[in-house]
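Visitor: Predicted model, plus sequence, below.
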Amino acid sequence: MYNIGIDIGGTNLKAGLVDEQGRITATKKAPLRFASMEQMGEVLARMAIELTEENGVDRAQVASVGMGFPGPVDDRRGVVIKTVNIPLRFMPVAEMFHRHWDVPVRLGNDADCAALGEYYHYEDKNIESLILVTLGTGIGTGIILNGRILTGVNGCAGEGGHIVIVHGGEPCTCGRRGCWERYASASALIQQTRAAMEADRASCMWDMTGGDLNKVEGYTAFEAMHQGDTSAKRVVHQYVEYLAEGLANYVNIFQPEVIALGGGVSNAHDEDLLYPVQALVLDRVFGKEADVHTKIVKARLGNDAGIIGAALLGRSRQARV
Ligand SMILES: [Zn+2]
């Protein structure tokens, strides 16, 4: 049997056939294009059907189709509540899909799906709790507790990017100030790097970017730090502090078995990011005297986590892979 996972992004749809071991065996990509939102169900169903046909899989071999949306969903009612970048509002996607293919349909939030994917593929199959923190344009978080996604009463739980770590701090898209993602996302790191360059015309980061602030990337400060640049070193240390503050908040509330860090920034050398973050978090959290602690690790699935997690929405939690 297979499960199909579809990752609905702002500009693309990515679908994957996922086998019983939780591995992607085939994928399909398409630009997100439709004349009206009412066509969404049809577009998704057609994509899933084509994925089976192109790979010689009988539709009867597909146990479920799961979809990850960039926003909150009500999986029980099969409704997408709201999405970022796509104007879906209270859209009954499952019902619309069923007009074309009557297969069990599950809906999830994309960050939650990615967390579920990481959870299923975590090396220790006995864990019950994992939080995935993805450092990107914002900070996406998904919380798995007792083997299930924590959705909250309205599908909006697990928005850890919007916990405030600096009262009255930087304004955020959510309307508050001082949210964690304004300090510890990849975009925030890029901004902090640019500010450090502007304050230090002698920084080697100017050479690295050809004098163009638009060429600053998440890794710029990390690379410059290795060349002995003191401004870059300050940026990295400050960034690690911000990241650790939010993670310590998460640990204090949930004490999860695992926190996995994803997104491009998490690929920095362990000595530069993972190890110092682990040490700072352990130093700050409640329960440091305990003999068991939250493990902070790098996420393993990368861009595939969304498809795998969406596909796994349709699995019972006993069916670990
Ligand atoms: Zn916010």
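Guide: All right, it came through fine.

Visitor: since we're on residue 58, how many residues are nearby?
Guide: Number of residues near residue 58 (other Cβ atoms under 10 Å) recorded here: 9. The C-beta positions use only the backbone N, C-alpha and C, and glycine is treated the same way.

Visitor: Please determine how far it is located from the ion.
Guide: 46 Å (Cβ to the ion, to the nearest Å).

Visitor: For that residue, give me its contacts.
Guide: Going by Cβ atoms under 8 Å, 6 or more residues apart in numbering, residue 58 touches residue 52.

Visitor: Chain neighbours aside, what residue packs nearest to whatever residue of the stretch 1-150 of the chain ends up closest to the ion?
Guide: Residue nearest to the ion within the stretch 1-150 of the chain: residue 138 (8.2 Å; Cβ to the ion). Among residues not flanking residue 138 along the chain, residue 181 sits closest, at 4.3 Å (Cβ to Cβ, 6 or more residues apart in numbering).

Visitor: What is the burial count for that neighbour?
Guide: Residue 181 is flanked by 28 other residues according to other Cβ under 10 Å.

Visitor: I figured it hits residue 164, correct?
Guide: No. In this structure, residue 181 is not within contact of residue 164 by Cβ atoms under 8 Å, at 10.6 Å.

Visitor: Please name the bridge partners of residue 177.
Guide: Beta-bridge pairing of residue 177 under DSSP bridges involves residue 171.

Visitor: so it touches residue 169, yeah?
Guide: Yes. Because the distance of 5.2 Å satisfies Cβ under 8 Å, residue 177 is recorded as touching residue 169.

Visitor: all helices of the stretch 151-300 of the chain, in order?
Guide: All helices of the stretch 151-300 of the chain, identified by DSSP state H, counting those that start in this stretch, fall at 181-184, 186-199, 205-208, 220-226, 230-254, 274-284.

Visitor: Can I get those helices in a markdown table including mean pLDDT?
Guide: Shown next, in a markdown table, are the helices of the stretch 151-300 of the chain (pLDDT from 0 to 100):
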| stretch | mean pLDDT |
| --- | --- |
| helix 181-184 | 98 |
| helix 186-199 | 98 |
| helix 205-208 | 98 |
| helix 220-226 | 98 |
| helix 230-254 | 98 |
| helix 274-284 | 97 |
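
Visitor: highest average neighbour count across those helices?
Guide: Across the helices of the stretch 151-300 of the chain, the average number of neighbours (mean count of other Cβ atoms under 10 Å) peaks for helix 181-184, which reaches a mean of 26.

Visitor: Now do it: which elements does it pack against?
Guide: Judged by 3 or more Cβ pairs under 8 Å, 6 or more residues apart in numbering; DSSP states H and E, helix 181-184 is in contact with helix 230-254.

Visitor: relative to helix 186-199, how tilted is the helix it packs on?
Guide: Angle, helix 230-254 to helix 186-199, by axes from the mean of the first three to the mean of the last three Cα atoms, to 10 degrees: 150 degrees.

Visitor: Could you tell me the phi and psi values at the residue nearest to residue 152 when sequence neighbours are not counted?
Guide: Among residues not flanking residue 152 along the chain, residue 158 sits closest, at 7.3 Å (Cβ to Cβ, 6+ apart). Torsion angles at residue 158 (phi, psi; degrees, to the nearest 10) stand at phi 70, psi 30.

Visitor: tally of neighbours for residue 158?
Guide: Residue neighbour count, defined by other Cβ under 10 Å, stands at 23 for residue 158.
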